[in-house]
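Novice: sequence-free structure coming up:
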């Protein structure tokens, strides 16, 4: 197969019906040479073609266990990077639309994290006092930064375990890019709010005083998920007033007030598992991305379970939405013709350090 730069333009005008026919034809031609991964947040008209579904880390691990030459990741850029790092050298990770990024991941870049580290070294000995922890929702070069500086990667499901590991090694943690997951994790470990301070990368010393930095146990990067920011405690209050018997479950990327008011807090996998295993006839208010909530509502409807989306306005992961049937058809047709489009390749030196941070996480969790 050859890597190719091929115009997507002819596919822009294709109807969804034509796209679906061409996707099915290309898949049949490719057979097991290609595996399609779909994140929980993926739109339904693409999700239906998934060979493997789940959250980002689970999908990359599953892909690494396949013999498929091509790993077509219907997700966002950082997910495809993780797939490239974790799969075998003879496997190629592909992102159908390179514009499918993550606004949260973009809130922390390597230049800003390195400047933060230099500024911390003006106040502390960062390499001896601070463990950098990056959420898996981050670019590969930030995972590499953590690998190089004795740090680690975490997911929304293992953040507590990872934080304990970090504190066993150094007294402080720098947590990026999502402040809300970091704050909820610290709260569950018993840290007071004034021991968890927000580092604003656009301000000198993160907008903090030397005294605040010295006192802090967790430095929370000023980043967030735009989707999970939509959920508010008032949504939960209104639901409980109308359905006092109902249960509330939220993703830890939600703000602290939402997590504190919820009955359950956990990752996308945890949310799916909890609701599917709940007794028949239960009612749920769910604080996570709309595509997942709608899909889950349909799946549990036969058990007379009612699943409601938490926000009063429609909000979904807009960058994930970029991968549509047109992009999937374009990707698969070119693969079937021997042309690889949009391969995701992390530079070798970066991949090595990033894998070190990922392997630390996998060894612990």
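Specialist: That came through fine. Because the structure is predicted, anything quoted here is derived from the model rather than measured.
Novice: any idea which element residue 357 lies in?
Specialist: Per DSSP states H and E, residue 357 falls inside helix 348-364.
Novice: what sits up against that helix?
Specialist: Under the contact criterion Cβ atoms under 8 Å, 6 or more residues apart in numbering, helix 348-364 has outside partners 81-82, 84-86, 134, 140-141, 143-148, 151-155, 158, 161-162, 165, 346. All C-beta spots, glycine's among them, are computed from the backbone N, C-alpha and C.
Novice: Counting neighbours, what do you get for residue 253?
Specialist: Residues within reach of residue 253, counting by other Cβ atoms under 10 Å, total 28.
Novice: per-residue confidence for residue 337?
Specialist: pLDDT for residue 337: 94.
Novice: Make residue 1 into 265 and carry on from there
Specialist: Sure thing, new numbering starts at 265, so read that last one as residue 601.
Novice: What does it show for phi and psi?
Specialist: phi -90, psi 10 (degrees, to the nearest 10).
Novice: So, low pLDDT: which residues of the stretch 515-629 of the chain?
Specialist: Scanning the stretch 515-629 of the chain with the threshold set as pLDDT under 70 gives 579-580, 582.
Novice: before we move on, what SS does residue 336 have?
Specialist: strand (DSSP: H, G, I helix; E, B strand; the rest coil).
Novice: need the contact list for it.
Specialist: By Cβ under 8 Å, 6+ apart, the neighbours of residue 336 are 298, 299, 300, 301, 358, 360, 592, 595, 596, 599.
Novice: again with residue 331
Specialist: residue 296.
Novice: Tell me the pLDDT of the residue positioned nearest the centre of the chain.
Specialist: In the chain, the centroid-proximal residue (Cα atoms, centre = their mean) is residue 401; its distance is 4.2 Å. With respect to pLDDT, residue 401 scores 94.
Novice: before we move on, back to that, what comes up buried for the helix holding residue 621?
Specialist: In terms of neighbour count (16 or more other Cβ atoms under 10 Å), helix 612-628 has its buried residues at 614, 615, 617, 618, 619, 620, 621, 622, 624, 625.
Novice: before we move on, the earlier item: can I get the contacts of residue 336 in CSV including secondary structure and distance to residue 465?
Specialist: Formatted as CSV, these follow (DSSP: H, G, I helix; E, B strand; the rest coil; distance: Cβ to Cβ, whole Å):
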residue, secondary structure, distance to residue 465
298, strand, 39
299, strand, 37
300, strand, 36
301, strand, 31
358, strand, 31
360, coil, 31
592, helix, 35
595, helix, 34
596, helix, 39
599, helix, 39
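Novice: Which residues does stretch 301-313 contact?
Specialist: With Cβ under 8 Å, 6+ apart as the criterion, stretch 301-313 contacts 280, 284, 287, 291, 300, 314-320, 323-324, 326-327, 335-340, 343, 347, 532-533, 536, 553, 555-556, 558-559, 580-581, 584-585, 587-589, 592.
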